[in-house]
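Q: generate a structure from the sequence data that follows.
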Amino acid sequence: MKLNHKNWLLAVCCISMVACNKKIEDISVNPNQATKVPPNLLLVKQLNDLSGGLNGIEPWGAVSRYNQFHCRNYQYYGNNFYSFTGGPFNVYNAYLKNIDRMETEALNVGAPAVNPYSAIAKFLKSYYYYNLTSLMGDVPMSEAIKGLEGQFSPKYDDQKAVFSQILRWLDEANDDFSDLNIKKDKSLVAASDIFYGGDLTKWQKLVNTFKLRILISLSKKVTDADLKIATRFNDVITNTVKYPVFISVTDDFKFIYLNDVSINRYPTNPSTFGFDVLRLNMAETYVKSCTDLKDPRVLLTSEPAWKFVDSLGYAPTDFRAFVGSPTGQDQNIMETNALNGKLSLINRYRYYRTNVGENFIIVGYTEMCFNIAEAINRGFITGNAEDWYKKGIQSSLNFYGIADGTNTVNYLRPGQSLGAWTPTTFNFNFATYYAQPVVQYETGTPGLNKILLQKYIAFFQNSGWEAYYNFRRTGVPAFSGGVGIGNNGLVPVRWSYPTTEQNNNAANWKAAVDKQFTGADNLNGQMWILK
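A: Reported below is the predicted structural model:
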């Protein structure tokens, strides 16, 4: 998917100019505001905005720090606190309201009840509500976004009801896309679909692959007779004609950044090099997860701690030279260690050299492989967990271009300017890597933990909140606590509700907090999916 805000802005400007073609005496209508927007323009806006919502899921943003992939070591420009106060209720007005409007406008221009815009809307609503409830717990849903109907104080739906509705939407979206594909529907404006170019078969695969993510996130509720987690998972896996899923990374739901100096650049790029290149270092949780496995992905994502290369004689690709800081470490200590070359910085060749960076995967084939492996290991479905586990590892290695034989990496030594790369090589053999006891699959809990660890490594700078959600659900890998993360050194398990709810929707807010967390809207309260 290539992002292009320019086309969207041009189209909106054109609509605005048409809207201005009114008689001057018609002062009851604002001539500068379009009263109707075609659904295709609303769609492209919604898709463009996907990486900006949910408190910044784009690469190297705040969520990457919460996932303990990297840290900020310079206090003036930010910290590593889990400041989970005031969850993202802006999603309702900024995104969900406009998704509803897109559905309405599609009908207004004559689309049938089953149309591509309504089917995509069901996915988008599922995506946002999944994250809203996963971040906070119970959230307004059935009475949300009903201001035009006079509903300004929506009740909070319990988390089970939210997940039930999400699963219904996904089933409906699958049926809708199936119907549209049978009819060879071409009504979706391809240029507006910045992910799949109007290919509804890929949208249908996305819906069902995302459904597997939802179901695995409910692993603690597998015995719930209403949700039927195992049955639903099995239905998808055993009937891929009815429920097609991703078959390779070519199906990934991903952003492709543009080589453009004005729009849609990768978040770290040549223009940000001088600003934050020394202020971002790698987190111990991620680095140690890799180095314990002698996993070459860390050689591509990180740089060696040059102090240890120079003083101890380590090769730049020696796993002992890769050191991350605990996310919970005092930031002053972290800054000192970074300046003294005792910490691995992010790989500047990979992440600062161009405006394109790498694709940002929101929902991907690699994750799906690990989700299926986890479901088999847990006994939700039958199958060969090891096969899916290996597919997931190999797919992630391919993402970084790591192949059997000699591989080249580039690093930047201290004091060197962008472009003064130090190339070096390392050898890799998948069979040798996989034969390590710490990597090779086994049944039971040890095998499950290996699946979860490999999934975490594969999530690096991708998939939004999923690394954090998976840690919270399983404890794998263990996240770092301490003074550097706030919240009395504990990794929070939820966001509190925004204070606007206490002020504007007090009765419903209090009822939700009392029911879930015995009256305390704090960051450590256990929501339903975690019990």
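
Q: mind checking what secondary structure the residue nearest in space to the middle of the chain has?
A: The centroid of the chain falls nearest to residue 464 when counting by C-alpha atoms, centre = their mean (1.7 Å). Using DSSP: H, G, I helix; E, B strand; the rest coil as the criterion, the local structure at residue 464 reads coil.

Q: pLDDT score for it?
A: Residue 464 is assigned a predicted lDDT (pLDDT) of 97.

Q: same check on residue 2?
A: Looking at residue 2, its pLDDT is 49.

Q: could I get the average pLDDT for the one helix or strand residue 64 maps to?
A: Secondary-structure element containing residue 64, defined by DSSP states H and E: helix 62-66. Averaging the model's pLDDT scores along helix 62-66 yields 97.

Q: now do the following helix or strand past it: everything it contacts.
A: Once helix 62-66 ends, the next helix or strand along the chain (criterion: DSSP H and E) is strand 70-72. Under the contact criterion C-beta atoms under 8 Å, 6 or more residues apart in numbering, strand 70-72 has outside partners 60, 64-65, 78-80, 279-283, 286, 324-325, 327, 329, 331, 334, 346. Yep, even glycine has a C-beta here, placed from its N, CA and C like the rest.

Q: what's the average pLDDT for the longest helix anywhere in the chain?
A: Secondary structure of the chain per DSSP state H: the longest helix is helix 159-182. Averaged over helix 159-182, pLDDT sits at 99.

Q: got the contact list for it?
A: 114-116, 118-120, 122-123, 125-126, 129-130, 132-133, 137-139, 141-142, 157, 200-201, 203-204, 207-208, 210-211, 214, 218, 221, 224, 226-227, 232, 242-243, 527-529.

Q: how about stretch 403-419?
A: Among residues not part of stretch 403-419, those counted as contacts by C-beta under 8 Å, 6+ apart are 270, 273, 296, 299-300, 303-304, 306, 316-317, 341, 347-349, 352-353, 397, 401, 420-430.

Q: so who does residue 122 touch?
A: Under the criterion of C-beta under 8 Å, 6+ apart, the contact list for residue 122 reads 169, 170, 172, 173, 176, 207.

Q: make that residue 438, sorry
A: Counting by C-beta under 8 Å, 6+ apart, residue 438 touches 292, 293, 450.

Q: among the residues you listed, who's most crowded?
A: Counting by other C-beta atoms under 10 Å, residue 450 has the largest number of neighbours within the contacts of residue 438, with 22 neighbours.

Q: leaving out sequence neighbours, find the closest residue to that one.
A: With C-beta to C-beta, 6 or more residues apart in numbering as the measure, residue 441 is the residue that lies nearest to residue 450, at 6.2 Å, once sequence neighbours are left out.

Q: quick one: buried residues of stretch 179-194?
A: Of the residues in stretch 179-194, those buried under the neighbour-count criterion (16 or more other C-beta atoms under 10 Å) are 180, 185, 187, 188, 189, 192, 193, 194.

Q: chain center to it: distance?
A: Per C-alpha atoms, centre = their mean, to the nearest Å, the displacement of stretch 179-194 from the mean C-alpha position of its chain is 25 Å.

Q: in this protein, which helix or strand is least confident?
A: Lowest by mean pLDDT, DSSP states H and E among the helices and strands of the chain is helix 5-19, with a mean of 40.

Q: verify the stated contact: residue 524 with residue 489.
A: No: in this structure, residue 524 sits apart from residue 489 without contact. The criterion is C-beta atoms under 8 Å, and the distance is 11.5 Å.

Q: returning to that earlier point: just the ones of the contacts of residue 438 in strands?
A: Among the contacts of residue 438, the subset assigned to strands under DSSP state E is empty.

Q: which one of these is nearest to residue 380?
A: For residue 380, the nearest member of the contacts of residue 438 is residue 450. The distance, counting by C-beta to C-beta, is 17.5 Å.

Q: going along the chain, name the strands of the chain.
A: Counting by DSSP E, the chain has strands at residues 70-72, 139-140, 156-157, 253-255, 280-282, 360-363, 405-411, 422-428.

Q: the residue lying closest to residue 255 once chain neighbours are set aside: how many residues sit nearby?
A: The shortest distance from residue 255 to any non-neighbouring residue, by C-beta to C-beta, 6+ apart, is to residue 360 (4.2 Å). Residues within reach of residue 360, counting by other C-beta under 10 Å, total 22.

Q: same check on residue 303?
A: For residue 303, the tally of surrounding residues (other C-beta under 10 Å) stands at 28.

Q: nice, that's everything, thank you.
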